[in-house]
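J.: The following comprises the amino acid sequence and a computationally predicted model.
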Amino acid sequence: MSTALAVAAVTQALKNLLADGVLDEHVTGSVGDVLISALPPDRIATEGVGAKSQLNLFLYQVTENAAWRNMDLPTRDVDGNCVANSPLALNLHYLLMAYGIKELHSEILLGYGMQVLHETPLLPRNGLRKALAGVTTTDVPPQLKTIAASNLADQFEVVKVSPEVLSTEEISRLWTAFGAKYRPSAAYVASCVIIQRTDPLRATKPVATPNILVQPLQRPQILEVQPSTIAVGGTLALIGSQLVAPGVQVVFPRDTVALDPGGTMQRLTVTVPATLYAGVNTVVVSQPVDFHTPDGTTREGAQSNSLAFMVVPTLGAVPATVARGGTLVLNVAPPVRFDQDADIIIGDSVLRVPTRPAPPDPPPPPAPLPPGWGTSPTLSIVVPATVPLGTALVRVRVDGAESALLPASGPFTTPSIQVTP
C-alpha cells in the first residue's frame, strides 16, 4: 500500500506524463515555450512579461472510493485498541486547464493534453517508478523529495485515469470558487490511491481449541414491565416472549442479577437490586451462550429490547415535628447521587434541595467505585416561613420519581410531620 505522500505522487506523475507528451508531439514548435504546472488557478500568471502558454493540472477535490470503503472488518476491538491498519482509498479529481498567450494556443495545448491522458488510461508501475525517481532532483523543493518514497507503484491496485463529465453549472461554480478567470478545461478522475499505515499491531493469539456451538436463533422480547413504578427490593415482572433460556440474566443499568424461580417463556420476575438509583431505569433480558469451556465462562448471546421503568425513593422514619427556619433531615433509599434533582414536598409546598458538592474523582478503571461514592442517604432542607403551620404529608421527589403515601388505597395519612412556628 501507499503512504500519505501518494496524493502528491499521483499529481507529480500526471504532470510528468503531460510534459513528456507535449515534448514528444513537438508542441513547442507551434506555440513556443510551454510550461506544465500543478498550481491553484489564482496563482497562474496570465499577463505580463513572465506569462507563457501553459498547461495546469489542479487537484480540486478528493473523495473516498466507495468500493474500498467497506472492504475491511472493524479495525478496533471492544477496548478501543487498533487491531488492523485499515486502508484509506481515495479518488482524486483533477481539472486540466489550458492557458495561451496568443490566439488558439489554449485550444492547441488542451487538445494535446487530453490526447495524452486519453492514450494513458492507467499509470503503469514502471512508469510511476521512473516519474517519481526524478523527484529527487533539484527541480523540486527539498520537502517534496520524499514523495519518491510514497510506494505508489507498489500498491495493490493500479491508478486509473478517466475523464469526468461536469455540467456547465458545476464548471461555473468551480471557477467562481477559484477566484480566477475561466479558461478552457477538462475534468479527470484518478482512481484510486490506497493509503495505509504500516505501524506494528498487537497480534491475537491463535485458536487453541476450536469450539463451535449451533443453536436456534431466538431473540427475547419484552413487551411490558409490571409495575411501571417500583421501589428497590420489590418484584418486577417482565411480560414478553422467548424470555427464558439456560443462564438467562436480567441486566439493569448498574447491576446484572438472576431471575426469580418459576419464570416462563412469556413471564419472568426479578427482584429490583438496591444498586439502582431513583428515577428512570431500564431493564434488558440477556441470554449468554455456554460453549462448555474448561473454565466455565460464557459468551455474550442474544439480548432483548430495553424497556424503562421508574424506581421510586423510599422515606425512612420522619421526624414528628419541624419548626419554621429549622433544618429537616430525611433518610432516603436508595441513596441520592450528588447530580440528581431532589425536592422535599411538605403538603403542597415544593422545596428544592440545594445542590450537593461533587465528590472527589473516582479511581481510574478497572478499579471499582468506593462504596457510596457520590451518593448521600439523607436529604436536608431549611424549612422556610412560607410553609403552612400544622400537620402535612411529606414526600421526596428524585429525578421525577416521588415516594409513596400510605395507605395506597387512600385517604393518605402517612408519612406526615407537624410544622410549628
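T.: Now that the structure is in, tell me what you want to look at.
J.: Once you drop chain neighbours, what's closest to residue 395?
T.: With CB to CB, 6 or more residues apart in numbering as the criterion, residue 395 has its nearest non-adjacent residue at 4.3 Å, and that residue is residue 345. Glycine gets a C-beta too; all of them are placed from N, C-alpha and C.
J.: Who are the packing partners of the strand or helix carrying that neighbour?
T.: Secondary structure from DSSP states H and E places residue 345 in strand 342-346. Here strand 342-346 touches strand 327-337, strand 349-352, strand 375-382, strand 390-398, going by 3 or more CB pairs under 8 Å, 6 or more residues apart in numbering; DSSP states H and E.
J.: and the residue nearest to residue 395, what are its bridge partners?
T.: residue 350, residue 395 (DSSP bridges).
J.: Contacts only, for it.
T.: Residue 345 makes contacts with 351, 393, 394, 395, 396, 397, 402, as judged by CB atoms under 8 Å, 6 or more residues apart in numbering.
J.: Swap in 10 Å and give it another go.
T.: By CB atoms under 10 Å, 6 or more residues apart in numbering, the contact list for residue 345 reads 351, 392, 393, 394, 395, 396, 397, 402, 403.
J.: how far away is it from residue 318?
T.: 12 Å (CB to CB, to the nearest Å).
J.: what is in contact with these two at once?
T.: Common contacts of residue 345 and residue 318, defined by CB under 10 Å, 6+ apart, comprise 393, 394.
J.: count of neighbours near residue 14?
T.: By the measure other CB atoms under 10 Å, the count of residues near residue 14 is 26.
J.: does it sit in a helix or strand, and which one?
T.: Using DSSP H and E, residue 14 falls in helix 6-24.
J.: so how far is that helix from its chain's centroid?
T.: 39 Å (CA atoms, centre = their mean, to the nearest Å).
J.: then that helix to PDB, C-alphas only?
T.: Output of helix 6-24 as PDB, limited to C-alpha atoms (Å, rounded to 0.1, in the frame of the first residue of the first chain):
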ATOM      1  CA  ALA A   6       0.700   9.100  -2.700                       C
ATOM      2  CA  VAL A   7      -1.600  12.000  -3.400                       C
ATOM      3  CA  ALA A   8       1.300  14.300  -4.300                       C
ATOM      4  CA  ALA A   9       2.900  11.400  -6.100                       C
ATOM      5  CA  VAL A  10      -0.100  11.000  -8.500                       C
ATOM      6  CA  THR A  11      -0.100  14.700  -9.200                       C
ATOM      7  CA  GLN A  12       3.700  14.600 -10.000                       C
ATOM      8  CA  ALA A  13       3.300  11.500 -12.200                       C
ATOM      9  CA  LEU A  14       0.500  13.100 -14.200                       C
ATOM     10  CA  LYS A  15       2.500  16.300 -14.500                       C
ATOM     11  CA  ASN A  16       5.500  14.400 -15.900                       C
ATOM     12  CA  LEU A  17       3.200  12.500 -18.300                       C
ATOM     13  CA  LEU A  18       1.800  15.700 -19.700                       C
ATOM     14  CA  ALA A  19       5.300  17.200 -20.000                       C
ATOM     15  CA  ASP A  20       6.700  14.200 -21.900                       C
ATOM     16  CA  GLY A  21       3.600  14.100 -24.200                       C
ATOM     17  CA  VAL A  22       4.000  17.800 -25.100                       C
ATOM     18  CA  LEU A  23       7.700  17.400 -25.900                       C
ATOM     19  CA  ASP A  24       7.100  14.200 -27.900                       C
END
